[in-house]
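Visitor: Pasting the sequence and the predicted model now:
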Amino acid sequence: MTNNKFEFSSVSCNFKQHIGNSIRGYADLHRMIVNISRFFLCSDGKYIDIGSSDGGLAKLVSSHTGCTDIICYEKENTFHTNENYKNFTILSDALSIDFSGISFITSVFTLQFIQKDKRLGILQSVYNALEVGGGFVLAEKVVLGCELDLMFQDILLQDKRQFFTDTEILDKNLMLQNTMKCLSLQEIKKMLDFVGFKDVTVFWQNGLFVAILCRKGVL
């Protein structure tokens, strides 16, 4: 291990394979999000993906809805040359979301890598950017705050041993301690409620990984 902080540039060239090997059901989650997007997004709608990595999800949503007005926020510039981003707008700073009339927004395993004191501001910007009736999908790794955390973490580590060596797993875990700060599901729901989301439901979960669908209501 040559660095004590995980850098996404180290996996940008094979991100799809890396994340698929790290999170069981990741591809299924993407398919679920694409199916959900059809209920909020049409060809003339507007879509934002926060933390878009290789642009794979944005491309899937575009191809299944016909939407082309897409803004991708991705801080790691080594992702920006990926072919998936063709015809999409790429921005780097998700702390300055300044749009309105957006039909659909996604943030898949992104906020957990942003400073805790910045997350509420991003969620407020997301809520403000959505049109009434717009949808927001938030996926995060969570902590349960009990011994079940250890059980699910052990299952996750056993899964990873199919694809990574024990040294690779340990080194990444140590590096993620400095970059990934997870909240509990209850804390996330409280933040969503605070910024204005009242229609909130968990639609996917695999161990400690959860995905939440939020709808911006009239009130």
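Guide: Looks like it arrived, so ask away. The structure displayed is predicted, hence computed values, not measured ones.

Visitor: Next, give phi and psi for Thr201.
Guide: For Thr201, the backbone dihedrals (degrees, to the nearest 10) come out as phi -150, psi 140.

Visitor: Just the element for Ser125, please.
Guide: helix 116-129 (DSSP states H and E).

Visitor: Each with direction, which strands does the very next helix or strand once past that helix pair with?
Guide: With elements assigned by DSSP H and E, the helix or strand that comes after helix 116-129 is strand 130-141. Here strand 130-141 is paired, per DSSP bridges, with strand 102-108 (parallel), strand 209-215 (antiparallel).

Visitor: quick one: least confident helix or strand in the protein?
Guide: Ranking every helix and strand in the chain by mean pLDDT, DSSP states H and E puts helix 166-176 at the bottom, with a mean of 59.

Visitor: Quick check: closest non-adjacent residue to Phe40.
Guide: Nearest non-adjacent residue to Phe40, counting by Cβ to Cβ, 6 or more residues apart in numbering: Gly135, 3.8 Å away. Where C-beta positions appear, they are placed from N, C-alpha and C, glycine not excepted.

Visitor: Give the bridge partners for the one you found, please.
Guide: In beta-bridge terms (that is, DSSP bridges), Gly135 pairs with Phe104, Arg215.

Visitor: Isn't it up against Val126?
Guide: No. Using Cβ atoms under 8 Å, Gly135 is not in contact with Val126, being 10.7 Å away.

Visitor: Which residues are in contact with each of those two?
Guide: Common neighbours of Gly135 and Val126 (criterion: Cβ atoms under 8 Å, 6 or more residues apart in numbering): Ile105.

Visitor: Neighbour count for those two, which is higher?
Guide: Per other Cβ atoms under 10 Å, whichever of Gly135 and Val126 has more neighbours is Val126, with 27 against 23.

Visitor: In contact with that one: list those residues for me.
Guide: Val126 makes contact with Ile48, Ile50, Ile97, Ile105, Ser107, Phe136, Val195 under the criterion Cβ under 8 Å, 6+ apart.

Visitor: No further questions, thank you.
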